[in-house]
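K.L.:
any chance you could fold what I've pasted below:
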Amino acid sequence: MSNSSDTPPLRMQVVRALRLARQAQCVPSTRLSVQLGRHRTWVSQVERGIHNLTFSALDLLVAKLVFTVPALEPYQVVVARRVKQERLKRNLSQEALSQAAGLSVNFVQVLESGRANSSIDQIEAVAKVLEVDGNVFYAV
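P.N.:
Residues are numbered from 1 along each chain as shown. Next up, the predicted model:
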């Protein structure tokens with residue numbers, strides 16, 4: 001995906017929130033890149049929605065920018081619980097969810113167990129099938 005009009009909406013919402021958090025704290029992207037141990041172009045590409053962030057990358061960014069409370073659950077645990085709740089509300093099996101989202105059954109099982117380092121785009125695919133806003137899964 002080369003421009004923001006091609007980028008999935010949930011990814012753009014997440015990266016927009018991260019960029020606003022960085023700017024609100026007056027943290028230049030170059031300083032953030034040093035703190036993260038990443039190249040400055042990676043931060044720029046994340047903020048433009050070019051990179052599809054995984055849970056581990058999102059956890060790292062949030063820890064540096066948004067929250068100072070160390071007791072927050074990792075995103076994969078929060079998302080796992082919420083995906084399973086939404087799936088069960090709709091009486092969907094893991095197989096039905098995986099097929100409708102274009103993901104493997106194994107992926108859905110690992111996701112719901114809280115062990116998946118999923119990307120924002122994968123979560124958006126699940127959210128579409130469950131007919132919920134993907135932000136529901138990320139809300140803290």
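K.L.:
and the residue most central in space within the chain, how far from residue 10?
P.N.:
With the centre of the chain defined as its mean C-alpha position, the nearest residue by CA atoms, centre = their mean is residue 120, 3.8 Å away. Separation of residue 120 from residue 10 (CB to CB, to the nearest Å) stands at 6 Å. No exception for glycine: its C-beta is placed from N, CA and C like everyone else's.
K.L.:
same question for residue 52.
P.N.:
The gap separating residue 52 from residue 10 is 10 Å, by CB to CB.
K.L.:
domain-wise, how is the protein divided?
P.N.:
In terms of domains, the chain is parsed into 9-65, 75-138 (source: automatic domain parsing).
K.L.:
got the residue ranges for the helices in the chain?
P.N.:
Remark: helices of the chain, listed N- to C-terminal, are 9-24, 29-36, 40-47, 55-65, 75-89, 94-101, 105-113, 120-130, 135-138; assignment by DSSP state H.
K.L.:
turn those into a markdown table, columns for mean pLDDT.
P.N.:
What follows is the helices of the chain, written out as a markdown table (pLDDT from 0 to 100):
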| stretch | mean pLDDT |
| --- | --- |
| helix 9-24 | 84 |
| helix 29-36 | 89 |
| helix 40-47 | 90 |
| helix 55-65 | 81 |
| helix 75-89 | 90 |
| helix 94-101 | 96 |
| helix 105-113 | 94 |
| helix 120-130 | 92 |
| helix 135-138 | 74 |
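K.L.:
alright, that wraps it up for me.
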